[in-house]
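> quick one: sequence plus predicted model below, questions after.
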Amino acid sequence: MHPLFQFTDRLVKLIPEFLDEACRPLFAPNIDIAEDKDAYTVWAELPGFSRKDVEVTYREGMLTLKGEKKVERKAEAEGDVRWHSCQREIGAFEQHVRVGGPVDESKIEATMKDGVLQVRLPKSPETRGKTIDVKGE
């Protein structure tokens with residue numbers, strides 16, 4: 001057999017192994033961060049996640065979002081299946097968000113709706129600022 005055909009034959013045999021690896025993408029949610037006078041707010045797009053799949057922690061100025069998305073592929077259990085395309089993102093993620101100032105940890109709230117996680121981190125009272133009345137004539 002010609003060397004080029006041998007190479008092509010070996011390459012074709014590697015494609016299923018490559019697809020198996022390609023079906024394990026890393027998941028990283030898109031994150032938005034906003035600040036107003038009272039709080040920092042973080043939104044993370046987590047399509048396909050339930051609130052039970054996500055863990056939110058705050059420690060020393062760092063908000064951590066962790067979770068894992070699992071997709072059940074029933075055909076896998078039914079025998080010899082070769083995937084041709086795997087575009088649904090799966091896997092574990094962990095993202096850290098540094099918050100810009102002191103936060104009142106006792107009032108942090110996290111909600112999940114329509115695949116979007118929202119975390120509201122109220123600022124500590126001393127960092128909210130104060131308007132000073134100017135007295136005089």
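Yep, that arrived.

> what about residue 117, neighbour count?
Applying other C-beta atoms under 10 Å, we find 21 other residues in the vicinity of residue 117. Where C-beta positions appear, they are placed from N, C-alpha and C, glycine not excepted.

> pull the contacting residues for it.
Residues in contact with residue 117 (C-beta atoms under 8 Å, 6 or more residues apart in numbering) are 29, 42, 43, 44, 46, 49, 54, 56, 65, 110, 111.

> so how far is stretch 33-45 off the chain centroid?
Mean-position distance between stretch 33-45 and its chain equals 16 Å (C-alpha atoms, centre = their mean, to the nearest Å).

> for that stretch, buried residues please.
Using 16 or more other C-beta atoms under 10 Å as the test for burial, stretch 33-45 gives 33, 39, 40, 41, 42, 44.

> out of these, list just those in strands.
Within those, residues falling in strands by DSSP state E are 33, 39, 40, 41, 42, 44.

> ok, of the residues you listed, which one's closest to residue 131?
Nearest to residue 131 among those is residue 39, at 17.9 Å by C-beta to C-beta.
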